[in-house]
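J.: Sequence and predicted structure, then a few things I'm wondering about:
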Amino acid sequence: MKRAILLAVAAFTVVIVGQSQVHAQRHEKDDKYWERRKEADKKRYEYYRERDKKRAEYAREERKREKEYYRESAKRRKEYLKERRKHGLPSWALAHHYDASRHVYFRDYHTFYDPYRGGYVYLNGGNWRFSAEIPSFMINVDLGRANIMVVKDVPISRHPEDFYDDYEEDYWDD
């Protein structure tokens, strides 16, 4: 009987010691896992921090560029308004209720009035010419009664002649 009890105690001891060694080995693996996990978390944190830093820098630069663009735009607009006040509206503008906010196309003469530059753009020998004064072929024309078209889809700061070829001829000649 003593022998059976000793055997049972020995078996129990072997099982307990064996399990504790296996458990200790598992903890060693778990410790390495957590170390790797900790290292990976640290790398991920650094990556996100660098990414956020780059994003913030890009956003700052973009805001600077945007601010500069709007500052320049406001300056150009101010210069345009100053020139417009200085020269006033053309003599024919009242007859057409024209406020110099858009380009005007004189259909019969293939000529634009460009309020941004304060002059006329006309075809001469197949080339576009600009003149601050009324072109010579329009001097004796009553522009107050001339057939005009206000060009609404060309920005005021762009040259209207650049957009002339984008339209069919019948669009301009209606």
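T.: Structure's in. What do you need?
J.: dump the residue contacts of residue 138.
T.: 106, 109, 111, 120 (CB atoms under 8 Å, 6 or more residues apart in numbering). Quick note: C-beta positions are derived from backbone N, CA and C, even for glycine.
J.: From those residues, which land in strands?
T.: Judged by DSSP state E, the contacts of residue 138 include 106, 111, 120 as members of strands.
J.: could those go into TSV alongside neighbour count?
T.: Formatted as TSV, the ones in strands among the contacts of residue 138 follow (neighbours: other CB atoms under 10 Å):
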residue	neighbour count
106	20
111	26
120	21
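J.: about what we covered before: which members of the contacts of residue 138 are the farthest-apart pair?
T.: Greatest spacing in the contacts of residue 138, by CB to CB: 109 and 120 (9.2 Å).
J.: Check the burial of residue 109 by counting its neighbours.
T.: Residues contacting residue 109 under the criterion other CB atoms under 10 Å number 18.
J.: In space, what's closest to it - neighbours in sequence excluded?
T.: residue 138 (5.8 Å; CB to CB, 6 or more residues apart in numbering).
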